[in-house]
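[1] take this sequence and fold it.
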Amino acid sequence: MTLFHHDRRHQNEASRRLWARYEIAYTFVDFGAALCFIVGSVMFFFENWQTPGTWFFLVGSILFAAKPTIRLARELKLYEMGDEDDLAKRYEA
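    Numbers count the residues shown, from 1 in each chain. Presented below is the predicted three-dimensional model:
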């Protein structure tokens, strides 16, 4: 069983629910990162707000870095779920 195999998301009801939860988390993080960059960009127009704007850029960057982490966590969880199915099949045989 390999990582990042897209058919694994349709394996069973539990894998479909897991896939959906991680996609929702991924979308929220993506939206949050974009929002931080927009707010940070607007803040840079005003000299007094440049320091908070820099913080918004940093938070946005951290959120963008979290996106591949979410994908990897999802794939590892799906991989574990697939292994359980394989182990059950081996036990039955």
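
[2] what are the ranges of the helices in this protein?
    Ranges of helices within the chain are 13-43, 50-92, based on DSSP state H.

[3] mean pLDDT lowest where, among those?
    The weakest mean pLDDT among those belongs to helix 50-92, with a mean of 82.

[4] in CSV: the helices of the chain, plus mean neighbour count.
    From N, CA and C alone the C-beta is placed, and that goes for glycine too. Listed next are those as CSV, based on neighbours: other C-beta atoms under 10 Å:
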stretch, mean neighbour count
helix 13-43, 15
helix 50-92, 14
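
[5] gap between Lys77 and Phe45?
    42 Å (C-beta to C-beta, to the nearest Å).

[6] cool, Val39 as well?
    To Phe45, Val39 is 11 Å away according to C-beta to C-beta.

[7] ok, now Arg17?
    Applying C-beta to C-beta to Arg17 and Phe45 gives a distance of 44 Å.

[8] need the residues that contact stretch 48-60.
    Residues outside stretch 48-60 that contact it (C-beta atoms under 8 Å, 6 or more residues apart in numbering) are Gly32, Ala33, Ala34, Leu35, Cys36, Phe37, Val39, Gly40, Ser41, Val42, Met43, Phe44.
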